[in-house]
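A.B. asks: Sequence and predicted structure are below.
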Amino acid sequence: MEPLSIKGEELKKAGIRILLIEDNPGDARLIEEMLKEAGDEFELEWADCLSSGISRIKIDGFDVILLDLGLPDSQGLATLMALSEIKPEAPVIVLTGLADEATGTQAVHNGAQDYLIKGQVDKNLLMRSIKYAIERKRAEEELREANQFNLQIIESAKEGIIVYGPDLKYQVWNPFMEKLTGFSANEVLGKHPLEVFPFLRTTEIMAGIEKALQGEISEAKRIQFNVSKTGLSVWVSDISGPLRNSQEEIIGVIGMVRDITEHHKLEEQLRQSQKMEAIGTLAGGVAHDFNNILSVIMGYGTMVMDCLEDGSTSKKDIKEVLTAAERAATLTKRLLVFSRKQVVEVKPVNINETILSLQKMLNRIISENIDFKLDLADKPLVVMADAGQIEQVLMNLTVNAKDVMPDGGHLTISTRLEEIDDTYIAAFGYGRPGKYALITVTDTGSGMDEETRQKIFEPFFTTKGIGEGTGLGLSIAYGIVKQHHGYINVDSEPGHGAIFKIYLPVPSSESKILKEDLLNPKSENPKPGNETILVAEDDAPLRKLSRIALESHGYTVILAEDGEDAIKKFAENREKIKLVMLDMIMPKKSGKEAYDEIRKTSPEVKVLFVSGYTMDIIKTCEITEDGLDFMLKPVRPMVLLRKVREILDRYDGE
């Protein structure tokens, strides 16, 4: 049969191509006549068996296929199934000679768009069926593409997407959830959440899911999610809401899960930082006032002791008072170290000599069953440091090493020169380029897991029992190293001991501070003087003590009670004043601000900064880097006199 063609204006626009697979020529001619009467334009082709129809489909495309289920080479629904395998996207209308609703319904169920019973078909029914088949197939394709699009969104989402059925069993489990929990979709689909994650019973997540079935939207903002499959613990936020059909009936629950573990860690770090800042502010305020008080106690105590006869009971009593004051000063320094607000008294320090001088004390700390060794660099390692604080770091690490080796072991402290370059920084993620003195403390103790290693330098964190440790030792060590512009880290695994590494920057041999401190001799008995000194101090007892100490050695003293008063007094006595001694923290204007104002009219003015605490460590670092002198309270009168004489003589000799 040649292709049938029926002309018509309406069909001309449609341009519908139809393949009729029918073995009865009479039925084929009847279909042709109906299409002619419809007045539309079709391209109708006829194949008299299934194999011929399939051959035509492979060669050309058709908009609709009219398929007889009873063909010479195929019978029944198998005919439809064979055709669907070849052209699944083509709309198929089944033609049957029997008025069998069951067969027609089954055909539609297996993919046909419609079915028509021969002998009951007219042109209108045929046209409606053809148009319906095309539109329905197009709608199915659009739905399939929409589902595919939605599936891509679900699978590529950077958040967990979960769908629960009305029985709360998992129906959708996207790849993000697989990655987050370690459970594949095949392991959870069809199961109730409590079958997979029993701990959810007591969390807001499970309660939110159950509420969603009642039509509520529920959010669990911060839940710790213990993943038994991977052994990890993650923090998540979860939003659960009702899933509705087109009739607004609730048919399930949709959940959105976000991994907020990193966000939670950052918040914890921020809280820790705020806590430390609050402690630092408190410690600074206490230290500032307490060091002023200690300076008065130690100053007057020293002057009284110098007036007493050697060997007298009173002199011994005063010595006890001064010893207690020194201990109080040390306690204040430790408090500031913990708060990371301490101003370090940096001097050139040979790390090897510091460790050697500490060796005997460390031997007394550790147990006899611990083998203690030193492996020090052949050449001196000189850094700008506070020797006492570096000793404190080594003491803390040694005590910790002893505690993790109750049955004995090996403890080694080694030093070497290490250079940090860009390659090193890229590999380890920290550091500034330059040369460093590396101190390594290695023990063969119990070691620590990764979670403990991450927290080891946090304040109050301790693995010891109640009453056995404060959790401040390593936090203080961390603070000390950071204030020396250094780095400290630890490598450890359970059962393999620990290796602590401390990096302290080595200054260049051209460093001004290094050269001056190495070459500057310290006179035990300072010479008297006759210069005029301006002393700016807001604490009245300490101001009076400074005047007495300086005047006792021949100096003329002008007192100022705050920064503005210092500027005024200097302007009035500019020609006479040879040295300005300024407290860093004063009302109205700080010592640094007062110095900056004074220097505008007298740029060569000699200055000595004194403070019990500085709120701005950077300013103190700038002072020392500019070659200016700084002393940390409490200061004994003799130490102050030596420093004053040193500054005056140094500048006079330039």
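C.D. replies: Thanks, I have the structure now.
A.B. asks: Low-confidence ranges, the stretch 351-500 of the chain, go.
C.D. replies: Within the stretch 351-500 of the chain, the segments meeting pLDDT under 70 span 428-429, 459-473.
A.B. asks: try the stretch 551-654 of the chain
C.D. replies: Scanning the stretch 551-654 of the chain for pLDDT under 70 picks out the ranges 613-627, 651-654.
A.B. asks: Where do the strands of the stretch 351-500 of the chain begin and end?
C.D. replies: In chain order, the stretch 351-500 of the chain shows strands spanning 370-375, 382-385, 409-420, 434-443, 487-492, 498-505, with DSSP state E, counting those that start in this stretch as the criterion.
A.B. asks: Off-centre distance for the shortest one?
C.D. replies: Relative to its parent chain, strand 382-385 has a centroid offset of 32 Å by Cα atoms, centre = their mean, to the nearest Å.
A.B. asks: who does it pair up with?
C.D. replies: Listed by DSSP bridges, the sheet partners of strand 382-385 and their directions read strand 347-350 (antiparallel).
A.B. asks: Let's see the partner strand as PDB, backbone CA atoms only.
C.D. replies: What follows is the C-alpha trace of strand 347-350 in PDB, where atoms were taken according to Å, rounded to 0.1, in the frame of the first residue of the first chain:
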ATOM      1  CA  LYS A 347      67.000  39.600  75.800                       C
ATOM      2  CA  PRO A 348      69.500  37.600  73.700                       C
ATOM      3  CA  VAL A 349      69.100  34.100  75.000                       C
ATOM      4  CA  ASN A 350      71.200  31.100  74.000                       C
END
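A.B. asks: What's the mean pLDDT across it?
C.D. replies: Per-residue pLDDT values over strand 347-350 give a mean of 85.
A.B. asks: And the strands of the stretch 351-500 of the chain: which comes nearest E32?
C.D. replies: Checking those against E32 by Cβ to Cβ gives strand 487-492 as the closest, at 86.8 Å. For the C-beta atoms, the positions are set from N, CA and C on the backbone; glycine is no exception.
A.B. asks: Need the pLDDT of E309.
C.D. replies: You'll see E309 listed with a pLDDT of 80.
A.B. asks: re the thing from before, which one of the strands of the stretch 351-500 of the chain is the most hemmed in?
C.D. replies: Mean neighbour count, computed with mean count of other Cβ atoms under 10 Å, is highest for strand 382-385 among the strands of the stretch 351-500 of the chain, reaching a mean of 23.
A.B. asks: quick one, what contacts L200?
C.D. replies: Taking Cβ atoms under 8 Å, 6 or more residues apart in numbering as the contact definition, L200 lies against 193-194, 206.
A.B. asks: Can you flag the buried ones in these?
C.D. replies: Buried members of the contacts of L200, counted by 16 or more other Cβ atoms under 10 Å: 193, 206.
A.B. asks: Just put the contacts of L200 in a markdown table and tack on secondary structure and distance to L376.
C.D. replies: Below are the contacts of L200 laid out as a markdown table (DSSP: H, G, I helix; E, B strand; the rest coil; distance: Cβ to Cβ, whole Å):
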| residue | secondary structure | distance to L376 |
| --- | --- | --- |
| P193 | helix | 60 |
| L194 | helix | 61 |
| M206 | helix | 60 |
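A.B. asks: Columns distance to T444 and pLDDT on top of the contacts of L200, output as JSON lines?
C.D. replies: Rendered in JSON lines, the data for the contacts of L200 read as follows (distance: Cβ to Cβ, whole Å; pLDDT from 0 to 100):
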{"residue": "P193", "distance to T444": "46", "pLDDT": "88"}
{"residue": "L194", "distance to T444": "45", "pLDDT": "88"}
{"residue": "M206", "distance to T444": "47", "pLDDT": "83"}
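A.B. asks: ok, so of the contacts of L200, who is nearest S240?
C.D. replies: Taking Cβ to Cβ as the measure, M206 is the one of those closest to S240, at 9.5 Å.
A.B. asks: Which other helices and strands does the helix or strand hosting L30 contact?
C.D. replies: In the assignment (DSSP states H and E), L30 maps to helix 25-38. Identification of packing neighbours for helix 25-38 by 3 or more Cβ pairs under 8 Å, 6 or more residues apart in numbering; DSSP states H and E yields strand 4-6, strand 16-21, strand 42-47, helix 123-156.
A.B. asks: Let's test this: what are the backbone torsions at the closest residue to H263 other than its chain neighbours?
C.D. replies: With Cβ to Cβ, 6 or more residues apart in numbering as the criterion, H263 has its nearest non-adjacent residue at 7.7 Å, and that residue is W235. Reported as degrees, to the nearest 10, the phi and psi values for W235 are phi -110, psi 130.
A.B. asks: In the helix holding L30, which residues are buried?
C.D. replies: So, applying 16+ other Cβ under 10 Å, buried residues of helix 25-38: 27-28, 30-32, 34-36, 38.
A.B. asks: Run a quick check on E32 versus E45, I expect a contact.
C.D. replies: No: between E32 and E45 there is no contact, the gap being 10.9 Å when judged by Cβ atoms under 8 Å.
A.B. asks: which other residues reach stretch 52-60?
C.D. replies: Residues from elsewhere that reach stretch 52-60 (Cβ under 8 Å, 6+ apart): 17, 19, 21, 45, 47, 62, 65, 67, 82-83, 86-87, 90.
A.B. asks: and if we set it to 6 Å?
C.D. replies: Counting contacts by Cβ atoms under 6 Å, 6 or more residues apart in numbering, the residues outside stretch 52-60 that touch it are 21, 47, 86-87.
A.B. asks: Tell me the one of the contacts of L200 nearest A133?
C.D. replies: Each of the contacts of L200 was checked against A133 using Cβ to Cβ; the closest is P193, at 43.2 Å.
A.B. asks: Now do the contacts for that closest one.
C.D. replies: L200.
A.B. asks: rerun at 8 Å
C.D. replies: Remark: with contacts taken as Cβ under 8 Å, 6+ apart, P193 is in contact with 164, 168, 170, 200, 206, 209.
A.B. asks: give me the element the residue most central in space within the chain is part of.
C.D. replies: The structure's the chain has its C-alpha centroid closest to L266; by Cα atoms, centre = their mean the separation is 4.7 Å. Following DSSP H and E, the helix or strand that holds L266 is helix 261-307.
A.B. asks: chain center to that helix: distance?
C.D. replies: Between the centre of helix 261-307 and the centre of its host chain there is 28 Å, according to Cα atoms, centre = their mean.
A.B. asks: next one: stretch 130-139
C.D. replies: If you compare the mean C-alpha spot of stretch 130-139 with that of the full chain, they lie 55 Å apart, counting by Cα atoms, centre = their mean.
A.B. asks: Next: stretch 250-257.
C.D. replies: Taking Cα atoms, centre = their mean, one finds stretch 250-257 lying 31 Å from the centre of the chain it belongs to.
A.B. asks: Residues in contact with that stretch: which ones?
C.D. replies: Contact with stretch 250-257 is made by 159-166, 168, 171, 176-177, 180, 208-209, 212-213, 215, 236-245, as judged by Cβ under 8 Å, 6+ apart.
A.B. asks: Which of these fall within strands?
C.D. replies: If you go by DSSP state E, the contacts of stretch 250-257 have 160-164, 171, 236-244 in strands.
A.B. asks: ok, which pair from these is furthest apart?
C.D. replies: In the ones in strands among the contacts of stretch 250-257, the most distant members under the criterion Cβ to Cβ are V236 and R244, with 24.8 Å between them.
A.B. asks: And the two? Which one has more around it.
C.D. replies: V236 (22 against 13; other Cβ atoms under 10 Å).
A.B. asks: for the more buried one, what are its contacts?
C.D. replies: For V236, the contact set (Cβ under 8 Å, 6+ apart) comprises 160, 180, 205, 220, 223, 225, 257-261.
A.B. asks: And for V296?
C.D. replies: V296 makes contacts with 539, 541-542, 545, as judged by Cβ under 8 Å, 6+ apart.
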